[in-house]
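Colleague: Okay, sequence plus prediction incoming.
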Amino acid sequence: MYYSNGNYEAFARPQKPVGVDEKSAYLVGAGLASLAAACFLIRDGQMKGERIHILEEMGIAGGACDGIHDNEKGFIIRGGREMENHFECLWDLFHSIPSLEIEGASVLDEFYWLNKRDPNYSRMRATVNNGQDAHTDGKFKLSDKAAMEMVKLFFTRDEDLDDKKITDVFTEEFFASNFWLYWRTMFAFEDWHSALEMKLYIQRFIHHIGGLPDFSALKFTKYNQYESLILPMIKYLDAHGVQIQYDTKVTNVIFAIQKDKKVATKIVYQCGGKAEYIDLTENDLVFVTNGSCTENSTLGDDHHAPAFNDAVGGCWELWRNIAKQDPSFGQPDKFCTNTKLTNWESATITTLDNRIPPYIEKVCQRDPFSGKVVTGGIVSVKDSNWLMSYTLNRQPHFKEQPKDQLVVWLYGLFTDVPGNYIKKPMRECTGREITEEWLYHLGVPQSEIPDMAKSARCIPCMMPYITAFFMPRAKGDRPKVVPDGCVNFAFIGQFADTVRDTVFTTEYSVRTAMEAVYTLLDVDRGVPEVFASCYDIRVLLDATSKMMDGKKLIDRKMPFIINLLEKRALKKISGTVIEDLLKRYHVI
């Protein structure tokens, strides 16, 4: 497997890999990574679909990319997916998956046309004082000290950030900035999360710094990610004869391990209450999604809070059993043993009449029933004790959604502190109480909140491991996509390790899948490298200018000697293309 860039290889089709007709594939889990791997096995590996087997513990595919209409509870989304134009592997995949909406188009075509026609941006990024504009006004409010801390982190080597927390590299001036408000609410970072992961995010998305305050950097699907992304993949795989076996819990993969060679020899699983196994040869390729951010998710309803299930089960136990066999298989306990630090809670609120929508329209400054962008990303409640954020994507968010209803997704980053209106921790609240807390921050008069909350349905969802991949880590804690010496085995998904990309994205799942398939089948086509914006001087200059909130570099307070050197340097570049470049991006 190797990396490529440009469109030369992007438009090329690889030749059929040698020996692929004698090979089979077993994929553990039916989330985005696994489905993507199956698609790559067919499209680029040219493996016959009937030789591809997906084993899924649940009764539905999609993993964390969900969107469900439950006949009893109503509409449910545990989370949403933010995407951007430089998700190279994701778009490489979806330009080959037929759209379910538009005949003759791909999922990428459909997505591209939608976001060209209706570009995303927010008119209200944050509120305070019961729905009033927090007037972040597109500013980052980074002090000179905080800005220098960011620069230092940007240039720090990965290995120097092993096991360090964000609080180890930033001081209070940074945490008081608008930048941190934008960042932590958009990506769900907590103070105690990995400084390395923070650095990777800054480098990965440096080209979108200017779009951070208003979400103009983001793009969204027409419907929830299950209907817009997962279902087209399932139909594609079904058409090729891929078999998905549901209600099947894989508990272990057994290896024969020699000094320089590791071969998966057996898959152990449970189905229908019986222990079963699959014997493997070197021609049987195994792809395992190790770890899950939505493992042990529980749902509540209007009258019940969701249970907090922090048992280490399911895919975490599978990874533990695999990891016991060799150090190269990673350290799952680094991520799954402290749910106090990895949980937060989301909720799906469905409005049932016309009382709540006017308050939504006042905040987002758009008609929520227009079918176009509504909030344009999350609205963060800056003075919320739960650090609540909520969003309405284009409506309807579900194909089955009635035209007079709105589906809102909400989450709280701090689940263990009392709310502002409901004096209980979020994790102890019923759906009705979460709705009331939201209405309070939406600006509904307190006297009307209890009755108005009855005009909505709320399904809360507790996720004990939702930010497990952000826990401080060191090299080797996440296993390589294909661990050293493995001939027929790969890890895929958010807890496999690949260079320069960032977890908690659809791109990461698809990238690891692509790398796994290309490596094990020796596909002769490059995997698109991570967009190299952090090495582009134009992007760096533009991001620097944006983060200075319009100030010029010479306006910043810096030590005398640096100011002196800077003035001399400006004289040297006067009249050159370097001066033109610095002026173009408003640095001088």
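Modeller: Done, it's in. For clarity, every value in this text was computed on a predicted model and none was experimentally measured.
Colleague: Report the secondary structure element holding Gln331.
Modeller: For Gln331, there is no enclosing helix or strand under DSSP states H and E.
Colleague: Assign the residue nearest to it when sequence neighbours are not counted to helix, strand or coil.
Modeller: In space, and not counting its chain neighbours, Gln331 is closest to Asp477: 4.5 Å by CB to CB, 6 or more residues apart in numbering. (Glycine included, C-beta is placed from N, CA and C.) Counting by DSSP: H, G, I helix; E, B strand; the rest coil, the backbone at Asp477 sits in coil.
Colleague: Check this structure for its longest helix and report it.
Modeller: helix 506-521 (DSSP state H).
Colleague: Show residues contacting the next helix or strand after that helix.
Modeller: The C-terminal neighbour of helix 506-521 among helices and strands, as given by DSSP H and E, is strand 527-528. Strand 527-528 is contacted from outside by 1-5, 10, 88-89, 92, 511, 514-515, 518, using CB atoms under 8 Å, 6 or more residues apart in numbering.
Colleague: Which residues are in contact with Glu436?
Modeller: 421-422, 449-450, 453.
Colleague: Surely Cys271 is in contact with Lys249?
Modeller: Yes: counting by CB atoms under 8 Å, Cys271 touches Lys249, with 7.5 Å between them.
Colleague: Those two: who's more crowded?
Modeller: Neighbour tally, Cys271 and Lys249, criterion other CB atoms under 10 Å: the higher count belongs to Lys249, 18 against 15.
Colleague: Am I right that that one sits in a strand?
Modeller: Yes: secondary structure of Lys249 (three-state DSSP): part of a strand.
Colleague: got the contact list for it?
Modeller: The contact partners of Lys249, by CB under 8 Å, 6+ apart, come to 57, 269-271, 314.
Colleague: what's the answer for Asp118, then?
Modeller: 372-373, 394.
Colleague: In CSV, list those residues along with pLDDT, distance to Glu437 and secondary structure.
Modeller: CSV is the format used below for the contacts of Asp118 (pLDDT from 0 to 100; distance: CB to CB, whole Å; DSSP: H, G, I helix; E, B strand; the rest coil):
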residue, pLDDT, distance to Glu437, secondary structure
Lys372, 98, 28, coil
Val373, 98, 25, coil
Arg394, 98, 25, coil
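Colleague: Of these, which is the most crowded?
Modeller: For those, neighbours tallied by other CB under 10 Å; top is Val373, 21 neighbours.
Colleague: sorry, back to before: might you report the residue contacts of the residue nearest to Gln331?
Modeller: 330-331, 334-335.
Colleague: cool, Phe175 as well?
Modeller: Neighbours of Phe175 in contact, by CB under 8 Å, 6+ apart: Asp191.
Colleague: That one and Tyr585, how far apart?
Modeller: Separation of Phe175 from Tyr585 (CB to CB, to the nearest Å): 28 Å.
Colleague: coming back round to it: select only the buried ones of the contacts of Glu436 in PyMOL?
Modeller: Command for PyMOL, covering only those of those found buried under the criterion 16 or more other CB atoms under 10 Å:
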select buried, resi 421+422+449+453
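Colleague: Of the contacts of Glu436, which belong to strands?
Modeller: Using DSSP state E, no member of the contacts of Glu436 sits in strands.
Colleague: Let me have the contacts of Glu436 in TSV, adding distance to Ala264 and pLDDT as columns.
Modeller: Converted to TSV, these look like this (distance: CB to CB, whole Å; pLDDT from 0 to 100):
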residue	distance to Ala264	pLDDT
Tyr421	53	98
Ile422	50	98
Ile449	56	98
Pro450	57	98
Ala453	52	98
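Colleague: Tell me the one of the contacts of Glu436 nearest Glu400?
Modeller: Distances from Glu400 to those, taken as CB to CB, are shortest for Ala453 (23.8 Å).
Colleague: Let me see the contact set for the closest one.
Modeller: Neighbour list for Ala453: 432, 435-436, 439 [criterion: CB under 8 Å, 6+ apart].
Colleague: how many other residues sit next to the closest residue to Thr298 other than its chain neighbours?
Modeller: For Thr298, ignoring the flanking residues on the chain, the nearest one in space by CB to CB, 6+ apart is Pro306 at 4.2 Å. By other CB under 10 Å, 23 other residues sit near Pro306.
Colleague: Over to Ile76?
Modeller: Around Ile76 there are 22 residues (other CB under 10 Å).
Colleague: Tell me how far the closest residue to it other than its chain neighbours lies from Glu227.
Modeller: Nearest residue to Ile76, sequence neighbours excluded (CB to CB, 6+ apart): Ile68, at 4.6 Å. According to CB to CB, Ile68 stands 10 Å off from Glu227.
Colleague: The two: which has the busier surroundings?
Modeller: Glu227 (22 against 19).
Colleague: how much space is there between the more buried one and Met233?
Modeller: 11 Å.
Colleague: Also Glu84?
Modeller: In terms of CB to CB, Glu84 sits 20 Å off from Met233.
Colleague: Also Ile356?
Modeller: 34 Å.
Colleague: so how far is the first residue of stretch 324-344 from its last?
Modeller: 29 Å (CA to CA, to the nearest Å).
Colleague: Show me which parts of that stretch are buried, residue by residue.
Modeller: Buried-residue list, stretch 324-344, by 16+ other CB under 10 Å: 326, 329-332, 334-336, 338-339, 342-344.
Colleague: would a markdown table of the residues you listed with distance to Tyr182 and secondary structure be doable?
Modeller: Below are these laid out as a markdown table (distance: CB to CB, whole Å; DSSP: H, G, I helix; E, B strand; the rest coil):
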| residue | distance to Tyr182 | secondary structure |
| --- | --- | --- |
| Asp326 | 41 | coil |
| Phe329 | 37 | helix |
| Gly330 | 32 | coil |
| Gln331 | 32 | coil |
| Pro332 | 31 | coil |
| Lys334 | 28 | helix |
| Phe335 | 26 | helix |
| Cys336 | 29 | helix |
| Asn338 | 26 | coil |
| Thr339 | 26 | helix |
| Thr342 | 22 | helix |
| Asn343 | 22 | coil |
| Trp344 | 17 | strand |
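Colleague: quick check, nearest of those to Gly80?
Modeller: Using CB to CB, those come closest to Gly80 at Trp344, 13.7 Å.
Colleague: got the contact list for that closest one?
Modeller: Here Trp344 is in contact with 188, 411-415, 463, 466-467 (criterion: CB under 8 Å, 6+ apart).
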